[in-house]
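>>> Fold the following and give me the result.
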Amino acid sequence: MVSSLKSSERLHCPVCDDVHLKDWGSKSGYQLYKCCDCTHFFADVRTNPETLSNSEEFRRHITNELMASDDAYYRHLCQGEIKGAHTFVTANLILRQVKSPGWQPKDWLDVGSGSGFLVAELKKIGIDSVGVEPGGWGQISARDKGISIVNGLLTEGTFNKRFDAVSATDVIEHQPDPKPMIRLMKRYMNDNGKMFLSFPFGDSLPAKIRKGKWKMVVPPTHCNFFTYKSFSRLADNCDLKIERFYKYSSSGFRGWKKLGLSLSTANRLMDAVSLGDQALVVLSLRNSTDK
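Now for the predicted structure:
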């Protein structure tokens with residue numbers, strides 16, 4: 001059923017701005033909606049992380065009150081660096097693009113750098129990489145891994161240069177309105193640069209079947225869920241061109257440990273039957289000939 005809110009009270013889709021929305025269930029007291037036009041679905045979240053006053057408030061928001069300290073959250077994030085785990089898989093998909101012929105980035109900006117794993121891996125292969133992280137765990141990662149992490153949110157004045165690549169892994173699903181952030185990241189791209197974005201994939205079978213019960217739906221932190229159609233619309237609205245779109249698994253499947261499988265093997269099996277619920281997108285600037 002299409003939402004029955006009065007026109008003056010209606011929410012709008014954060015991707016295409018359409019007000020024709022279907023109820024898509026609820027989670028943790030937050031109503032979920034699906035856009036009738038672009039198929040995007042999202043949680044009705046009004047708290048923008050940029051309005052939080054300090055790093056402690058940000059940590060409490062981003063972890064749904066589950067982590068008592070920045071150090072505890074950093075240790076939690078580092079668990080994703082284990083071979084086959086989410087951060088490891090996502091970073092290596094990106095590194096595969098970096099190592100392919102025909103593109104040799106010299107510098108890299110990683111937005112929402114988390115545990116700093118991608119920044120550290122890029123540094124290992126000789127790329128001048130820097131991260132931006134508002135949470136206090138970013139500075140812990142800088143000390144622990146010997147990398148450069150700017151403490152704070154990305155703004156127009158954070159850097160006075162542009163980069164060959166800009167990335168944000170597991171970040172845009174946290175933004176109630178993702179367009180301003182992507183447009184800001186775009187400002188930091190060189191003319192021939194690339195943008196890498198990863199996020200939970202709303203076209204995956206788990207998302208379609210479970211809807212609001214899908215494990216990736218964790219409002220207020222995870223509040224936007226992109227389908228291929230809705231992300232394509234978002235890229236178009238931001239004058240970006242999709243070069244590659246990968247669907248992948250990073251959490252295996254129920255019972256994989258009992259079968260004696262490694263997480264990497266479980267992920268490969270999920271990918272073989274196209275059941276991954278994560279997406280990685282590679283984008284470039286759209287020029288006049290692409291329109």
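>>> list the contacts for the residue most central in space within the chain?
For the chain, the residue nearest the mean C-alpha position is Asp170 (2.6 Å; C-alpha atoms, centre = their mean). Applying C-beta atoms under 8 Å, 6 or more residues apart in numbering, we find Asp170 in contact with 86, 90, 112, 114, 198-199. (Each C-beta comes from the backbone N, C-alpha and C, glycine too.)
>>> Run a quick neighbour tally on the nearest residue to Gln31 once chain neighbours are set aside.
Closest residue in space to Gln31, ignoring its immediate chain neighbours: Asp44 at 4.7 Å, by C-beta to C-beta, 6 or more residues apart in numbering. Around Asp44 there are 16 other residues, counting by other C-beta atoms under 10 Å.
>>> wait, Asp44 sits on Lys27?
No. Using C-beta atoms under 8 Å, Asp44 makes no contact with Lys27, being 10.6 Å away.
>>> Common neighbours of the two, please.
Contact criterion C-beta under 8 Å, 6+ apart; residues shared by Asp44 and Lys27: none found.
>>> so where do the strands sit in the stretch 151-291 of the chain?
163-169, 189-200, 224-225, 240-248, 278-285 (DSSP state E, counting those that start in this stretch).
>>> For Pro14, which of those is the nearest?
Among the strands of the stretch 151-291 of the chain, the nearest to Pro14 by C-beta to C-beta is strand 224-225 (6.2 Å).
>>> can I get the strands of the stretch 151-291 of the chain in TSV with distance to Ala207, mean pLDDT and mean neighbour count?
Listed next are those as TSV, based on distance: least, C-beta to C-beta, whole Å; pLDDT from 0 to 100; neighbours: other C-beta atoms under 10 Å:
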stretch	distance to Ala207	mean pLDDT	mean neighbour count
strand 163-169	19	98	24
strand 189-200	7	97	20
strand 224-225	7	96	26
strand 240-248	11	96	16
strand 278-285	11	97	21
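>>> Quick check: next helix or strand after the lowest-mean-pLDDT helix or strand in the chain?
Across the helices and strands of the chain, mean pLDDT, DSSP states H and E gives its lowest value to helix 55-62, namely a mean of 70. Later in the chain than helix 55-62, the nearest helix or strand by DSSP states H and E is helix 70-78.
>>> Could I have the CA atoms of that following helix written out in CSV?
C-alpha atoms of helix 70-78 as CSV (Å, rounded to 0.1, in the frame of the first residue of the first chain):
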residue,chain,number,x,y,z
ASP,A,70,36.6,3.9,20.7
ASP,A,71,39.2,1.2,21.5
ALA,A,72,36.5,-1.5,21.8
TYR,A,73,35.0,-0.4,18.5
TYR,A,74,38.4,-0.4,16.8
ARG,A,75,39.0,-4.0,17.9
HIS,A,76,35.6,-4.9,16.6
LEU,A,77,36.3,-3.3,13.2
CYS,A,78,39.7,-5.2,13.0
